[in-house]
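Trainee: Would you be able to build a 3D model of this:
(chains A and B)
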Amino acid sequence: MNMEHGTVIIGNGIAGITAARHLRKHSKGRIQVISAESPYFFSRTALMYVYMGHMKFEHIQPYENWFWEKNRIELVVATVLSIDPEAKSLSLNTGETLPYDKLVIATGSATNYYNWPGQDLKGVLGLYSKQDLELLETLGPAPSEKDSNTKHAVIVGAGLIGVELAEMLHTRGVHITILVREEVFWGNVLTHQEGKLIGEHVAARGIDLRFKTNLKAIKPDQNGRVSHVETEAGERIDCQIVGITTGVKANIAWLGDLPIEKDKGILVDEYLETSIPGIYAAGDCAQVRNPLEGRRPLEPVWYVGRMMGEALGRTLAGQRTAYKPGPWFNSAKFFDLEYQNYGIVKPVADETQTHYFWKMPDKEKFMTVAYHPESGKFVGVNTFGIRLRHEYFDLALRQGWQVGEVIGGMKKANFDPEFYKSWYSILVADFEKTTGITTSRKLILTNLFR
Amino acid sequence: MSNRSWYVLGMSLFTAALVLFISLSFFVDIPLDTKEVQQLAEEKNEGLAKNLSKAPYGSIVNQVNYLKVSFDDYNQSIKDQFGISEQKADQVIADLGEEANRYDEKFIENNFDAEQVKLVKGGTSWMIGREWASFEEFTKNFRWKVQDINQQIAEEKGIPASDRNDRLFALLYAGTPAWLKSGWAAFLIFGLALLGGFVTMVPLLNVKAGIQHNGIYHRKRQNAMGSAWIVFAGLIGFYIVLYHFAHFIAPQAALLDPLADKLAGNASSQWFLYGFLYTISMGLMGFRMLLKYKGNAYQQVRTVSVFFFQVVFAFTLPQILTRLQMPAYDMKSAWPLEYSFFFDYRIKDYLESGDLGLFLLFWGIVLFAVGVPVFTYFFGKRWYCSWVCGCGGLAETLGDPYRQLSDKSLKAWKIERWLVHGVLVFAVGMTALAAYTSFTGEAEILGINSYSVRSTYGFFIGFVFAGAVGTGFYPVMGNRVWCRFGCPLAAYLGIVQRFKSRFRITTNGGQCISCGNCSTYCEMGIDVRAYAQKGQNIVRSSCVGCGVCASVCPRGVLKLENNGSVQFNDNPILIGSNSVSLQN
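Mentor: Numbers count the residues shown, from 1 in each chain, chains lettered A, B, ... in the order given. Modelled structure (predicted):
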């Protein structure tokens, strides 16, 4: 009898689990998901809230524990040591060999270290996994601990994880210095004005920001724990924790000498299949060979993991579905300031896009609208402190609206809670005055507001 | 000063006020020889008054015992005066001469006073013409019945058991020393409590607009552990005293004598005290909401709204109606939450209160029959549950620190649906029985007693579920236990919301990151995330529209909306991908 091995998914993050769920929706076959990080799927982006006491770990698990058995998704707690594509099997750290019919690699990312001296010292950590969070609990002060030895932390890198780590440690009374490579906060993504305002927002929470500052080395005390860092400018900053938040890299080092094509990530085609037939990759660790226009080959964000999982789940179930992401979008939160992004807003305007920046007077509410200088076509928006409707911009980007049409219809894009001060008429007036472009309202035939 | 120091200082002040408040029942001497007490006692009997005038000084606990003994004495004197004495019973038995079958109606008429005959007939008719094993058997039963009859006489002419607690309350209230009723004591005690409360909020004055949830899951008191159980026991104890032993808090009620006099032209009562405590709790904790939700207009506006309805409609207007000798109706309280609205005595009250009474009756009917469906169609049940309702108002203010404790499991949702709709059926059935009784005068239908159904509902739903459990369970099961599992009005509003309303929570395309803040802080135990991560609108009957899910969402995914026509989109759509379109 031919035993069914079914699909084995390595990694129970958003990509792997979404693939498993969609596969189950469309197929009755066997599904196994392997993870050593946590038996149940959890929301990685929510780890910070567990540390800050907003939630318990169980709250960041989106499905109740019975869900997996009920949907016959078998959870295997183990680390995969190697893949044998000839025998179609995995060898696990438990000593077992696990055969598969189809394999999905969804092992996510790992913290990117840049070979700094001292980066292996006790007290140095990234923030990616559940284990990182547990390590942070042992390194930093306990909740409401008064006289912790951990008084100061240095965070290297002012990106989204950096600001999360800063907010987390800040709630435990740790003083924080962030070393920022650029002139402004998250300067490789945000525009100069935005980065500057975000920097002000973060600094107002008592965070010490050192711009144009790079890490040179991390130095230990006599016990081998971090005692201070040295910057490239030769400055010494005492600290007991060093957070490395200079980005992530695809978690593929463990593949060893597996003959699979890879670059920065595992190379996949539009069906997320790798160079080895029957093996697929999705999420942070997958690198798309021929990305669609406006998309990058590696996009290590939650939403991409989810969209890849959706497509892959169907493909695995026999409904071959290409991964075709729509217009780019993203979101984040800098302490108390929410950020949403639709389309592409480059950090610096160039010949492909002009920036219109608007800030509500006396409020931490601002946005940058990018449009093509000649055609006037809308290409993207960054919004801070104002919630905007994804559907509106998705439609605008797909249909290629003029920037004047996008601005003119902004009332329909508003997603702020009720009774919030209305901003669109001020925006429209300012936009027309600043850019000289007349706004108009687009007749929206789609059912935009469900 | 650190946040913790402010909290400790504030809680110390608050606790001091609480101790002062409770100690009134234990350490204040209540004299019973005052003019007011004498007047009240004399209404019943001079002997009772005389007895009370000899009462020693003592605290409530002493005086309650003394009063109970005095009531017993008084009832005994009634029995002695009007009842069947033991000699009389002996004589009757002797007259029968060992022949039980001689005991008949004629015999009763011949042997008892005219006043007693009816009672004796009523109590012993079953003994007439019965076969007795022996004459002893007959006499034993006869003597028992005599005691019953005497008790009945005491109930009728003396102080009935059902009246005892009210009389105890009235006498102790009257005896409460003037200095406690001056208003200064109230000012001191409630002022200190409020001051303590405000001091705990000092750290909130400095926070920047944003989510103030740091450390909630690091504190025992907000996790159904440690002191949460003290608060739990305290709240439940308070409701038991309020409903069943109110005389022990007569001096506390008396603190508010001047206020009750100004508003209603009446003495205060335990219910006035309860209303006052309810209102200031909402005020204090509502102020906390305003600070906590700095920069969040929706939360602030609705907090001001519930407090307004509490102060004006629940607390003040009924007092003014009382002053006008009108039925003291809380005009925002709709049937079936206001479950006694259609009881015969209330209908009678409205009909006997002139045009204003008729208006109140009309208003109550329009409120539940037209107001509820129409407003819910346009705004969702939130117009009531988190903007107007008193239970909701307390839950949203006093209960806010506990909102995360609601159970989000699928199992809890199943229990919720059975329970809350069960209570609705119970309330409707009870009201139908009450209506039948008031039209026909018949108490029994198909062997069901309309009055006992009412008293069962009053005890289990009115007192236990809405009161003791509803508020007492805040610190252990979250702030909406009653609203979620028990409130029949919420069930009714929920049915309209689920099937015929514009209201829904929309999700913002594909922006959800499944973090779980929305589900965790949903006081109604809705797994909001389950919908948000699928890009599905949330149309749930239980949603009270508090808007906290939208407030705590770190990515701006949720929005309460009631624009446009009624829309149901049960199709989950995650925007952002072309791989999967609506068609497949």
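Trainee: tell me which parts of the stretch 51-200 of chain A are close to chain B?
Mentor: With Cβ under 8 Å from any Cβ of the partner chain as the criterion, the stretch 51-200 of chain A comes near chain B at residues A:52-56, A:59-62, A:64, A:143-144, A:171. Every residue, glycine included, has its C-beta placed from N, CA and C.
Trainee: now those as JSON lines including secondary structure, distance to B:D29 and neighbour count?
Mentor: Below are these laid out as JSON lines (DSSP: H, G, I helix; E, B strand; the rest coil; distance: Cβ to Cβ, whole Å; neighbours: other Cβ atoms under 10 Å in any protein chain shown):
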{"residue": "A:M52", "secondary structure": "coil", "distance to B:D29": "53", "neighbour count": "23"}
{"residue": "A:G53", "secondary structure": "coil", "distance to B:D29": "48", "neighbour count": "20"}
{"residue": "A:H54", "secondary structure": "coil", "distance to B:D29": "51", "neighbour count": "28"}
{"residue": "A:M55", "secondary structure": "coil", "distance to B:D29": "52", "neighbour count": "25"}
{"residue": "A:K56", "secondary structure": "coil", "distance to B:D29": "51", "neighbour count": "16"}
{"residue": "A:H59", "secondary structure": "helix", "distance to B:D29": "53", "neighbour count": "23"}
{"residue": "A:I60", "secondary structure": "helix", "distance to B:D29": "58", "neighbour count": "28"}
{"residue": "A:Q61", "secondary structure": "coil", "distance to B:D29": "59", "neighbour count": "19"}
{"residue": "A:P62", "secondary structure": "coil", "distance to B:D29": "62", "neighbour count": "23"}
{"residue": "A:E64", "secondary structure": "coil", "distance to B:D29": "59", "neighbour count": "16"}
{"residue": "A:P143", "secondary structure": "coil", "distance to B:D29": "48", "neighbour count": "17"}
{"residue": "A:S144", "secondary structure": "coil", "distance to B:D29": "45", "neighbour count": "15"}
{"residue": "A:T171", "secondary structure": "coil", "distance to B:D29": "52", "neighbour count": "19"}
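Trainee: Looking at those, point me to the pair that's furthest apart.
Mentor: Maximum pairwise distance in those, criterion Cβ to Cβ, is 30.6 Å, between A:E64 and A:S144.
Trainee: A:N330: what secondary structure?
Mentor: strand (DSSP: H, G, I helix; E, B strand; the rest coil).
Trainee: Nearest to chain A: which residue in the stretch 1-150 of chain B?
Mentor: Ranking the residues of the stretch 1-150 of chain B by distance to chain A (Cβ to the nearest Cβ) places B:R4 first, at 7.0 Å.
Trainee: I'd like to know how many residues surround that residue.
Mentor: 11 (other Cβ atoms under 10 Å in any protein chain shown).
Trainee: same deal with B:V544?
Mentor: Neighbours around B:V544, by other Cβ under 10 Å: 29.
Trainee: State whether it is indeed within a strand.
Mentor: No - assigned with three-state DSSP, B:V544 falls outside any strand and is coil.
Trainee: who's in contact with it?
Mentor: Going by Cβ atoms under 8 Å, 6 or more residues apart in numbering or on different chains, B:V544 touches B:381-382, B:385-386, B:392, B:480, B:483, B:490, B:523-524.
Trainee: how near is A:G256 to A:A281?
Mentor: 15 Å (Cβ to Cβ, to the nearest Å).
Trainee: A:S91 - that's part of a strand, no?
Mentor: Yes - counting by three-state DSSP, A:S91 falls inside a strand.
Trainee: And the host helix or strand of A:D430, what's buried?
Mentor: Take DSSP states H and E as the rule and A:D430 turns out to sit in helix A:424-435. Judged by neighbour count (16 or more other Cβ atoms under 10 Å in any protein chain shown), helix A:424-435 contains these buried residues: A:424, A:427-428, A:430-431, A:435.
Trainee: Same drill for A:G256 and A:A281, tell me which one is more crowded.
Mentor: A:A281 (30 against 9).
Trainee: Residues in a beta bridge with the more buried one, which ones?
Mentor: A:A281 has these beta-bridge partners by DSSP bridges: A:I105.
Trainee: who touches it in this structure?
Mentor: A:104-106, A:265-266, A:268, A:272, A:274.
Trainee: quick one: the helices in chain A?
Mentor: A:14-26, A:47-51, A:66-70, A:130-139, A:160-170, A:192-203, A:302-316, A:390-399, A:403-408, A:410-413, A:424-435 (DSSP state H).
Trainee: touching chain B at all, the shortest one?
Mentor: No - shown here: helix A:410-413 not in contact with chain B (Cβ under 8 Å from any Cβ), separated by at least 10.1 Å.
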